[in-house]
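[1] After the sequence you'll find the predicted model.
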Amino acid sequence: MESQKKESPLWGALKGAIIAMGAMLPGISGGALCVILGIYKPMMLLLSNPLKQIKKQFWFFLPIGIGFLVGALLIAKVLGSFLEAAETAAIFLFIGLILGTIPHLLKEAQAQGVAKGSYAGMIIACLVMLAWMIPMSLAGQSQITPTLGWWCLCGVLWGLGIIVPGMSPSNIFFFLGLATPMYAAIGNLDMSVVLPMGLCLLVSVIALSNGVQYCLKRWYSIFMHGVIGVVLASTLMILPPVKALLTPGYSYATGLTDWLIYLGCLIVGGVCAWAIGNIDKPAPAAK
C-alpha cells in the first residue's frame, strides 16, 4: 500500500464531517464525497483487509471518524429543526439536491463507457423500487412506526450510501417516515437509536464492501445505472404531489406563497448539488 500523505488532524476531522453531511442529506452521496476527498481508495483497502490495514491507517482514519460523528450530530440537529419547522419546504429542497446530482450520476455511471444492458438495468431497478413503494403508499403503510429492526435497516442503508458512490438512502428514510424521528434521535443522542444504527452501519460497510467492489469491477456501468434507477424511483415517491395522490391522509399547503417557497427551495437545492458536482470526479472502479 502507498503510504498516506500526512495532513492536519483538523483537516481529517473536517473531511469526516463533510462525509457525514453527504451520508445524511438526500441527493448527496457520502461515497461520492469520499472520492472527492481522497478517502475512498484507502477506505476500501482498509475494509478489504481490516486486521492488516488498521495498524497502518489508524491515525489517518481516527480524526476522520471523530469528524464524522460530530458532523452527524450537528447536521441531524439542523435537519431535525428544519423538518419540524417546514417539512414540505425541506422535502422540496432535498428533491432539488437529488435532481441536481442526476447529470453527475449519469456521467459517473458512464465513466467507463455504457455497457450493454445498462439502461435496462436502470429501468428494472426503478420499476422494482416502484413495485415495492407504490403498494405500500396505497395501503397507507409508508409511514411506519420506528422499531429496533427499522433502525438497524437504516444503519445498513447508511453503510451502503458510504461504500456505493452515488447512493443516497435518505430518500428511502423520507418515504418510510423515518427521517424526522431519526434526525431528532441522533441530534438528541438517543442511544436506543444511535447504537443499533451505528453498529449496523459499521457491520454493513465491512460485510458488503467486497461485494460492492466486485460489482463495480465486473459490471460497473450496469451497477451504477441501477443505482440511478433506485434514486429516480425513491425521489418520485417522496415528491409531495405524488405522495398526496397515493398516500391516504397525506396533505400539504398549496397556496401561491407556499408554491413560491417550494420552487425557491427546489432551485437552491439544485444549484447546491450542481456546485458540488462540479468538483466531483468519477469513482474509481475496483482493481
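    Good, I have the coordinates.

[2] immediately after the helix ranked longest in the chain, which helix or strand?
    With secondary structure taken from DSSP state H, the chain has its longest helix at helix 191-238. Later in the chain than helix 191-238, the nearest helix or strand by DSSP states H and E is helix 240-246.

[3] now for that following helix, which elements pack on it?
    helix 87-109, helix 118-138, helix 191-238 (3 or more C-beta pairs under 8 Å, 6 or more residues apart in numbering; DSSP states H and E). (Each C-beta comes from the backbone N, C-alpha and C, glycine too.)

[4] which one of the ones you listed lies closest to Leu46?
    The closest of those to Leu46 is helix 191-238. By C-beta to C-beta, the value is 9.0 Å.

[5] How much space separates the nearest residue to Ala233 once chain neighbours are set aside from Gly71?
    Once flanking residues are discounted, Ala233 sits nearest to Met129: 3.5 Å by C-beta to C-beta, 6 or more residues apart in numbering. Distance, Met129 to Gly71, by C-beta to C-beta, to the nearest Å: 28 Å.

[6] secondary structure class for the closest residue to Ala184 other than its chain neighbours?
    Nearest residue to Ala184, sequence neighbours excluded (C-beta to C-beta, 6+ apart): Gly80, at 4.5 Å. Judged by DSSP: H, G, I helix; E, B strand; the rest coil, the three-state class of Gly80 is helix.

[7] And for Gly80, the neighbour number?
    Gly80 has 20 neighbours, counted by other C-beta atoms under 10 Å.

[8] contacting residues for it?
    By C-beta atoms under 8 Å, 6 or more residues apart in numbering, the residues touching Gly80 are 180, 183-184, 186-187.

[9] looking at these, which has the most residues close by?
    That'd be Tyr183 among those, by other C-beta under 10 Å, with 24 neighbours.

[10] The residue nearest to Ala233 touches Val227, doesn't it?
    No. Under the criterion of C-beta atoms under 8 Å, Met129 is not in contact with Val227, lying 11.1 Å apart.

[11] hang on, the earlier thing: between the contacts of Gly80, which is nearest Cys152?
    Ile186 (14.7 Å).

[12] Ala20 versus the closest one, what's the distance?
    10 Å.

[13] Confidence-wise, which helix or strand of this structure is lowest on average?
    helix 30-36 (a mean of 67; mean pLDDT, DSSP states H and E).

[14] quick one, whatever helix or strand comes next after that helix and helix 191-238 angle?
    Next in sequence after helix 30-36, counting helices and strands by DSSP H and E, comes helix 40-48. Here the directions of helix 40-48 and helix 191-238 differ by 130 degrees (axes from the mean of the first three to the mean of the last three C-alpha atoms, to 10 degrees).

[15] Kindly spell out which helices and strands sit in contact with helix 40-48.
    helix 30-36, helix 50-85, helix 148-163, helix 191-238.

[16] if we go to 7 Å?
    helix 30-36, helix 50-85, helix 191-238 (3 or more C-beta pairs under 7 Å, 6 or more residues apart in numbering; DSSP states H and E).

[17] Now tabulate those helices in CSV and tack on distance to Gly117.
    Shown next, in CSV, are these (distance: least, C-beta to C-beta, whole Å):
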stretch, distance to Gly117
helix 30-36, 23
helix 50-85, 34
helix 191-238, 6
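
[18] then stretch 187-205 to CSV, C-alphas only?
    Extracted in CSV, the C-alpha atoms of stretch 187-205 (Å, rounded to 0.1, in the frame of the first residue of the first chain):
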residue,chain,number,x,y,z
GLY,A,187,-29.5,15.2,17.4
ASN,A,188,-30.6,14.3,21.0
LEU,A,189,-28.1,11.4,21.2
ASP,A,190,-30.8,8.9,21.9
MET,A,191,-28.6,5.8,22.3
SER,A,192,-31.6,3.4,21.7
VAL,A,193,-31.5,4.6,18.1
VAL,A,194,-27.9,5.7,17.6
LEU,A,195,-26.2,2.5,18.9
PRO,A,196,-28.1,0.0,16.7
MET,A,197,-27.9,2.3,13.6
GLY,A,198,-24.2,2.9,14.2
LEU,A,199,-23.4,-0.8,14.8
CYS,A,200,-25.4,-1.9,11.7
LEU,A,201,-23.7,0.8,9.6
LEU,A,202,-20.3,-0.5,10.6
VAL,A,203,-21.2,-4.1,10.0
SER,A,204,-22.8,-3.4,6.6
VAL,A,205,-19.7,-1.4,5.5
